[in-house]
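Student: predicted model and sequence follow; I will ask about them next.
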Protein chains: 2
Amino acid sequence: MSRVSDYPIQDIFLKRWSSRAFSQEPVTEDELMTIFDAARWAQNCYNNQPWRFVYARREGVMWQTFLNFLVPANREWAQHAQILIVVISQTFFDVNGKPSRTHSFDTGAACQNMSLQAASMGIVAHGMEGFDYDAVRRELAIPEIYTVEAMFAVGKRGDKSSLSPKLQEREIPSGRKPLANSIYECRDSLPIKFL
Amino acid sequence: MSRVSDYPIQDIFLKRWSSRAFSQEPVTEDELMTIFDAARWAQNCYNNQPWRFVYARREGVMWQTFLNFLVPANREWAQHAQILIVVISQTFFDVNGKPSRTHSFDTGAACQNMSLQAASMGIVAHGMEGFDYDAVRRELAIPEIYTVEAMFAVGKRGDKSSLSPKLQEREIPSGRKPLANSIYECRDSLPIKFL
């Protein structure tokens, strides 16, 4: 199944999808830095760049700790990734110390850049919220100035035959709701409504 | 000044920047739908697609209401945009009615797609948090199930000579902190630290 957009959008947006099959090929340091570099150029409020990426490589001593944060359903496939990332965000602005309303929103933007750049390189950066947020904060000693946002499993895209039969069935790009379900032009009519 | 990345990232990430000068050329319905379509394909938790876009066109009766949400510093340049968007996000999952941790994060991802697609078309989608969040909720009667996330001003990129001298000085692509300031490899050493 291939994705079809309603309008002529750039290929990169359709090419990125959160697959689960990883090859065993390592992700090089340059490749990893390239996807982090793309993240860096995301739009964000006051250019505060609140995103922070804390990561472990599978050959490192922290790998098992990171893997254990995940719920079993994610651990099943993410154990074959090369890198696990914990994404956190700084909750205030550097410029004035005031709380930021947009630190999660901005960090989501950065992670979208990361995953898009990865997809362009045959790399999967699969976001997850199925993990123990409290354990992450506790075991990585994340300071209170950061919110724990998400985790990502990163590796080269692999063949779905490496997955269990059940996961193989799910290894297809997801579709989307119709556009009209998420947009609403405010003319003279209120209240807002989405289809 | 042009942006330079440390690693060979896709051009689109550097090409997108939040400029303030708009041309007077209209944004067609197809162009607007194209940038919303790109937003739709963002990564998001459980494919819940929590983002919602409520917008007003400059020729519509709600334009002045939307413009008045903005702080004066944003209103000064955003008044020349063609479309103003209020971005909101649904705070729970459709699938089970449970609260979502990632609705803001996911919505930031969608808006990054929107702005990247726009940039590829010579359109600026400039995000803002300098507006009255409470007035948006009140005057647009935004239900409590949504969080107000951001506003965007959308228009064709214009020449900076149309801006005030003060804004002309700011009409250059922003830089970014060094990569090392936002990434940290967890080897055996804790606590985490960023440069």
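Tutor: That came in fine, so what should we check first?
Student: which helix or which strand is home to the residue positioned nearest the centre of chain A?
Tutor: Centroid-nearest residue in chain A, with C-alpha atoms, centre = their mean: A:Gly127, separated by 3.4 Å. Using DSSP states H and E, A:Gly127 sits within strand A:123-128.
Student: partners of that strand, with directions?
Tutor: According to DSSP bridges, strand A:123-128 has the following sheet partners: strand A:146-156 (antiparallel).
Student: excluding its backbone neighbours, what's nearest A:Arg40?
Tutor: Excluding its sequence neighbours, the residue lying closest to A:Arg40 (C-beta to C-beta, 6 or more residues apart in numbering or on different chains) is B:Arg176, at 4.7 Å. In this view, the C-beta of every residue, glycine as well, is placed from N, C-alpha and C.
Student: my read is that the one you found contacts A:Trp51, right?
Tutor: No. With contact defined as C-beta atoms under 8 Å, B:Arg176 does not count as touching A:Trp51 (10.9 Å).
Student: surely A:Gln168 meets A:Asp159?
Tutor: No. Using C-beta under 8 Å, A:Gln168 makes no contact with A:Asp159, being 9.9 Å away.
Student: tell me which of those two has more neighbours.
Tutor: A direct count of neighbours by other C-beta atoms under 10 Å in any protein chain shown for A:Gln168 and A:Asp159 places A:Gln168 higher, at 15 against 11.
Student: wait, what's in contact with that one?
Tutor: With contacts defined as C-beta atoms under 8 Å, 6 or more residues apart in numbering or on different chains, A:Gln168 is in contact with A:160-161.
Student: quick revisit: quick one: contacts for the residue nearest to A:Arg40?
Tutor: Neighbour list for B:Arg176: A:40-41, A:47, A:49 [criterion: C-beta under 8 Å, 6+ apart].
Student: filter the residues you listed down to the buried ones, ChimeraX style.
Tutor: The ChimeraX selection below is limited to those of these classed as buried (16 or more other C-beta atoms under 10 Å in any protein chain shown):
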select /A:40,41,49
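Student: quick check: which element contains whichever residue of chain A sits closest to chain B?
Tutor: Nearest residue of chain A to chain B (C-beta to the nearest C-beta) works out as A:Gly108 at 3.0 Å. Taking DSSP H and E as the definition, A:Gly108 sits inside helix A:103-120.
Student: what's the answer for A:Asn68, then?
Tutor: Taking DSSP H and E as the criterion, A:Asn68 maps to helix A:63-69.
Student: near chain B at all, that helix?
Tutor: Yes. Contact of helix A:63-69 with chain B (C-beta under 8 Å from any C-beta of the partner chain) involves A:65-66.
Student: give me the buried positions along that helix.
Tutor: Within helix A:63-69, the residues that count as buried by 16+ other C-beta under 10 Å are A:63, A:65-67, A:69.
Student: can you list the residue ranges for strands in chain A?
Tutor: For chain A, applying DSSP state E gives strands covering A:51-57, A:83-90, A:123-128, A:146-156, A:183-185.
Student: re earlier: so the residue nearest to the centre of chain A touches B:Ala42, yeah?
Tutor: No. Using C-beta under 8 Å as the test, A:Gly127 is too far from B:Ala42 to be in contact (10.1 Å).
Student: that older thread, what are the contacting residues of the strand holding A:Gly127?
Tutor: A:18-20, A:22, A:27, A:31, A:35, A:70, A:74, A:78, A:81, A:85, A:111, A:114-115, A:118-119, A:150-157, B:43, B:45.
Student: now that strand: mean pLDDT?
Tutor: The average pLDDT within strand A:123-128 is 98.
Student: low-confidence regions, chain A specifically.
Tutor: A:1, A:189 (pLDDT under 70).
Student: who's the closest residue to A:Phe69 other than its chain neighbours bridged to?
Tutor: Spatial nearest neighbour of A:Phe69, excluding adjacent residues (C-beta to C-beta, 6+ apart): A:Phe131 at 4.5 Å. Beta bridges link A:Phe131 to A:Leu70 when assigned by DSSP bridges.
Student: so A:Phe131 touches A:Phe66, yeah?
Tutor: No. Using C-beta under 8 Å as the test, A:Phe131 is too far from A:Phe66 to be in contact (9.1 Å).
Student: joint contacts of the two?
Tutor: Contact criterion C-beta under 8 Å, 6+ apart; residues shared by A:Phe131 and A:Phe66: A:Met151.
Student: what degree of burial does A:Asn181 show, as a neighbour count?
Tutor: If we define neighbours as other C-beta under 10 Å, then A:Asn181 has 13 of them.
Student: so what's it up against?
Tutor: For A:Asn181, the contact set (C-beta under 8 Å, 6+ apart) comprises A:194-195, B:49.
Student: out of those residues, flag the one nearest to A:Ala135.
Tutor: Nearest to A:Ala135 among the contacts of A:Asn181: B:Gln49, at 28.1 Å, using C-beta to C-beta.
Student: would you list the phi and psi of the closest one?
Tutor: Per-residue torsions, B:Gln49: phi 50, psi 60 (degrees, to the nearest 10).
Student: leaving out the residues flanking it, which one is nearest to it?
Tutor: A:Lys177 (5.5 Å).
Student: and for the one you found, the neighbour number?
Tutor: Other residues close to A:Lys177 by other C-beta under 10 Å number 14.
Student: one more: the one 3 residues further on?
Tutor: Summarising burial for A:Ala180: neighbours were counted as other C-beta under 10 Å, giving 12.
Student: could I get the contacting residues of the residue lying closest to A:Pro143 once chain neighbours are set aside?
Tutor: Ranked by C-beta to C-beta, 6+ apart and with sequence neighbours excluded, the top spatial neighbour of A:Pro143 is B:Pro191, at 7.8 Å. Contacts of B:Pro191 were listed using C-beta under 8 Å, 6+ apart, and they are A:140-141, A:143.
Student: could I get these in JSON lines, plus columns for distance to A:Thr102?
Tutor: JSON lines is the format used below for the contacts of B:Pro191 (distance: C-beta to C-beta, whole Å):
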{"residue": "A:Leu140", "distance to A:Thr102": "24"}
{"residue": "A:Ala141", "distance to A:Thr102": "25"}
{"residue": "A:Pro143", "distance to A:Thr102": "20"}
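Student: just give me the closest of those to B:Gln10.
Tutor: Nearest to B:Gln10 out of those is A:Leu140 (C-beta to C-beta; 30.6 Å).
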